[in-house]
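Participant: Sequence isn't available, so here's the structure alone:
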């Protein structure tokens with residue numbers, strides 16, 4: 001393809017003229033299903049070469065090369081004929097593919113990918129133009145395929161500014177840093193139970209790839225990822241992402257990690273490593289709480305995911321998880337119970353406080369990375385405050401966070417020292433007894449000179465609700481201590 005760098009811009013310019021495309025989110029979703037079919041077609045051609053008995057799950061007339069490829073003979077479908085085929089043959093066929101429990105994953109993903117996919121374009125001529133640009137990609141060429149992997153990253157980055165779809169993308173600098181600190185090893189399996197577009201999984205693969213030395217290593221590498229994604233659109237993007245990274249059998253499932261009883265998990269459901277940025281501030285149906293022990297049944301999705309992570313991490317396994325500030329300072333019953341479990345059953349060795357706007361423009365809520373392993377109970381926890389890089393007031397779409405911005409914490413990681421700047425702790429070690437004495441409010445080594453930021457109303461309300469719950473829990477606890485000391489039974493006095 002002559003001009004790979006203008007790939008997204010060329011498609012965007014065409015789609016702007018189509019009355020069916022309303023905004024960035026629909027445009028990216030439209031590109032996504034076409035890219036999936038193009039990438040899957042390239043994979044199928046490889047599979048047919050390596051396996052003479054390979055039979056596609058997609059009927060011949062619906063395979064990309066038969067309806068989308070333009071051989072410039074003038075026979076390629078376009079206009080109303082193309083629109084009719086896509087709307088009334090292609091989509092119904094792919095949504096209705098016969099899939100059984102015996103269907104191999106690399107085939108069943110086609111139907112799962114299309115279950116809730118949408119075709120928005122209304123102009124068949126413009127649709128043909130977009131298809132032709134996508135068909136120009138030569139994914140059999142290693143250099144071009146690799147270059148397209150970078151282009152795909154840019155498509156995923158655009159999700160950050162595509163309305164509510166932004167929640168599916170964790171900045172690559174953050175996923176790369178976490179994978180680097182986790183230090184993957186051949187033979188280990190990583191899981192992300194809310195994997196979005198697969199950012200953590202691809203960072204894991206990138207970090208693991210240089211360690212491949214034998215054919216067996218390669219097989220273990222190919223089998224080293226596991227993901228679950230609840231929402232259809234990011235699931236589709238993730239599957240395509242995995243295929244682009246040469247994971248022919250992507251063990252990524254369209255499901256909800258919170259709808260299984262955590263007490264039912266066995267050793268077979270556990271993983272060596274968990275890398276995650278759990279959704280936070282989200283809402284689940286009330287009955288989701290029924291899948292958790294009463295003391296861990298929080299109404300906050302991030303808390304519920306923390307419980308899933310703790311039940312699904314192997315003995316001697318390790319994890320890196322992004323959580324909002326509310327988890328650190330929260331002292332309501334569920335958060336305290338989760339933190340007690342974390343500190344008593346796991347080794348929470350490091351918490352990295354991240355600067356604000358890392359996830360801008362999707363959210364302004366400040367976040368933290370918790371590193372822990374299942375080796376022994378926590379004895380001490382290090383906190384490290386990662387300050388905003390020099391010359392930056394905020395991160396933004398044009399000035400995103402880069403891996404190099406993590407250099408200070410990477411240099412500190414293997415030679416840990418307590419650091420105080422202007423009388424404020426930047427890095428400090430706390431014993432588990434000190435954390436417990438704070439009633440598990442572990443909001444430590446925070447940002448002393450943080451400017452007051454005006455948050456969007458929904459985030460502001462959420463932040464106030466978390467702080468109110470935390471304060472109420474503190475007040476209830478203090479009142480209980482006072483009444484116990486005074487020997488007063490408030491329940492009796494109220495009668």
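Facilitator: Structure's in. What do you need? Quantities reported herein were computed from a predicted structural model and do not represent experimental measurements. Numbers count the residues shown, from 1 in each chain.

Participant: to the chain's geometric centre, what's the distance from stretch 360-376?
Facilitator: Distance, stretch centre to chain centre, for stretch 360-376: 12 Å (Cα atoms, centre = their mean, to the nearest Å).

Participant: Tell me the buried residues in it?
Facilitator: Taking 16 or more other Cβ atoms under 10 Å as the basis for neighbour counts, the residues of stretch 360-376 that come out buried are 360, 362-374. C-beta: built from backbone N, CA, C; applies to glycine.

Participant: now stretch 392-412
Facilitator: Of the residues in stretch 392-412, those scored as buried under the neighbour-count criterion (16+ other Cβ under 10 Å) are 395, 400-401, 405-406, 408-409, 412.

Participant: And stretch 250-268, by the same measure?
Facilitator: Of the residues in stretch 250-268, those scored as buried under the neighbour-count criterion (16+ other Cβ under 10 Å) are 250-254, 256-258, 262.

Participant: again with stretch 34-47
Facilitator: Applying 16+ other Cβ under 10 Å to stretch 34-47 flags 34-44 as buried.

Participant: Among the residues you listed, which are located in helices?
Facilitator: Applying DSSP state H to the buried residues of stretch 34-47, the entries found in helices are 34-44.

Participant: Give me the three-state assignment for residue 202.
Facilitator: Assigned state for residue 202: helix (three-state reduction, DSSP: H, G, I helix; E, B strand; the rest coil).

Participant: Low-confidence stretches in the stretch 351-495 of the chain?
Facilitator: Scanning the stretch 351-495 of the chain for pLDDT under 70 picks out 361-362, 449-456, 458-460, 462-467, 469-474, 476-478, 480-481, 489-495.

Participant: where along it do the strands fall?
Facilitator: Chain-ordered strands for the stretch 351-495 of the chain, with DSSP state E, counting those that start in this stretch as the definition, fall at 367-373, 380-385, 419-421, 424-431.

Participant: Pull the number of nearby residues for residue 125.
Facilitator: 15 (other Cβ atoms under 10 Å).

Participant: wait, is it part of a helix?
Facilitator: Yes. Secondary structure of residue 125 (three-state DSSP): part of a helix.

Participant: before we move on, the earlier item: let me know the closest of the buried residues of stretch 360-376 to residue 433.
Facilitator: Closest approach to residue 433 among the buried residues of stretch 360-376 (Cβ to Cβ): residue 372, at 17.7 Å.

Participant: Now for the closest one: which residues touch it?
Facilitator: With contacts defined as Cβ atoms under 8 Å, 6 or more residues apart in numbering, the neighbours of residue 372 are 318-319, 321, 342, 346-349, 378.

Participant: mind running it again at 7 Å?
Facilitator: For residue 372, the contacting residues are 319, 342, 346-349, taking Cβ atoms under 7 Å, 6 or more residues apart in numbering as the criterion.

Participant: who does it bridge with?
Facilitator: Legend: beta-bridge partners of residue 372 under DSSP bridges are residue 319, residue 348.

Participant: In this protein, what helix or strand scores lowest on average pLDDT?
Facilitator: Least confident element among the helices and strands of the chain, by mean pLDDT, DSSP states H and E: helix 490-493 (a mean of 52).

Participant: Go through the contacts of residue 372 and give me the one with the most neighbours.
Facilitator: Neighbours here are counted as other Cβ under 10 Å. On that basis the top member of the contacts of residue 372 is residue 319, with 26 neighbours.

Participant: For residue 428, give its distance to residue 372.
Facilitator: 18 Å (Cβ to Cβ, to the nearest Å).

Participant: low-confidence ranges in the stretch 201-350 of the chain?
Facilitator: Low-confidence segments of the stretch 201-350 of the chain, defined by pLDDT under 70, span residues 282-283.

Participant: what are the ranges of the strands in it?
Facilitator: According to DSSP E, counting those that start in this stretch, the strands that the stretch 201-350 of the chain contains are 225-229, 252-254, 271-276, 313-324, 347-353.

Participant: To residue 135, which of the ones you listed lies closest?
Facilitator: Each of the strands of the stretch 201-350 of the chain has some distance to residue 135 by Cβ to Cβ; the shortest is strand 252-254, at 25.4 Å.

Participant: about what we covered before: with distance to residue 443 added, can I get the strands of the stretch 351-495 of the chain in a markdown table?
Facilitator: Rendered in a markdown table, the data for the strands of the stretch 351-495 of the chain read as follows (distance: least, Cβ to Cβ, whole Å):
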| stretch | distance to residue 443 |
| --- | --- |
| strand 367-373 | 9 |
| strand 380-385 | 10 |
| strand 419-421 | 17 |
| strand 424-431 | 12 |
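
Participant: can you tell which of those strands is closest to residue 20?
Facilitator: Smallest distance to residue 20 across these (Cβ to Cβ): 36.5 Å, for strand 367-373.

Participant: Next, the angle strand 380-385 makes with the closest one.
Facilitator: 150 degrees (axes from the mean of the first three to the mean of the last three Cα atoms, to 10 degrees).

Participant: Let me know the angle separating strand 367-373 from strand 271-276.
Facilitator: Angle, strand 367-373 to strand 271-276, by the same axes, to 10 degrees: 170 degrees.

Participant: returning to that earlier point: of all the buried residues of stretch 392-412, which two lie farthest apart?
Facilitator: Comparing all pairs in the buried residues of stretch 392-412 by Cβ to Cβ, the longest separation belongs to 400 and 412, at 22.6 Å.

Participant: Mind listing what's buried along stretch 418-437?
Facilitator: Going by neighbour count (16+ other Cβ under 10 Å), the buried part of stretch 418-437 is 425-428, 430, 432, 435.

Participant: Show me which of these is closest to residue 217.
Facilitator: Distance from residue 217 was checked for each of the buried residues of stretch 418-437 by Cβ to Cβ. The minimum falls on residue 427, at 36.7 Å.

Participant: Tell me which residues touch that closest one, please.
Facilitator: Contacts for residue 427 were tallied using Cβ under 7 Å, 6+ apart; they are 382-385, 412, 417-419, 445.

Participant: Relative to residue 64, how far out is residue 135?
Facilitator: When Cβ to Cβ is applied, the distance between residue 135 and residue 64 equals 8 Å.

Participant: Overlap in contacts, those two.
Facilitator: residue 38.

Participant: Neighbour count: those two, which is higher?
Facilitator: Between residue 135 and residue 64, counted using other Cβ under 10 Å, residue 64 has the larger neighbour count: 22 against 18.

Participant: Touching, the more buried one and residue 36? I think so.
Facilitator: No. The criterion here is Cβ atoms under 7 Å, and residue 64 misses it with residue 36 at 9.7 Å.

Participant: Flag every buried residue along whichever strand or helix holds residue 144.
Facilitator: Following DSSP states H and E, the helix or strand that holds residue 144 is helix 142-158. By neighbour count on 16+ other Cβ under 10 Å, the buried set for helix 142-158 is 144-145, 147-148, 151-153, 155-158.

Participant: Can I get the residues you listed in a markdown table including pLDDT?
Facilitator: Formatted as a markdown table, the entries for these read as follows, by pLDDT from 0 to 100:
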| residue | pLDDT |
| --- | --- |
| 144 | 76 |
| 145 | 75 |
| 147 | 76 |
| 148 | 80 |
| 151 | 78 |
| 152 | 82 |
| 153 | 77 |
| 155 | 76 |
| 156 | 76 |
| 157 | 72 |
| 158 | 69 |
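
Participant: Closest to residue 232 out of those residues?
Facilitator: Where those are concerned, and distances follow Cβ to Cβ, residue 232 has its nearest neighbour in residue 156, at 15.7 Å.

Participant: Contact partners for the closest residue to the closest one other than its chain neighbours?
Facilitator: Nearest-residue entry for residue 156: residue 197, 5.0 Å, with adjacent residues in sequence omitted and distances by Cβ to Cβ, 6 or more residues apart in numbering. Contacts of residue 197 were listed using Cβ under 7 Å, 6+ apart, and they are 156, 168-169, 234, 237-238, 241.
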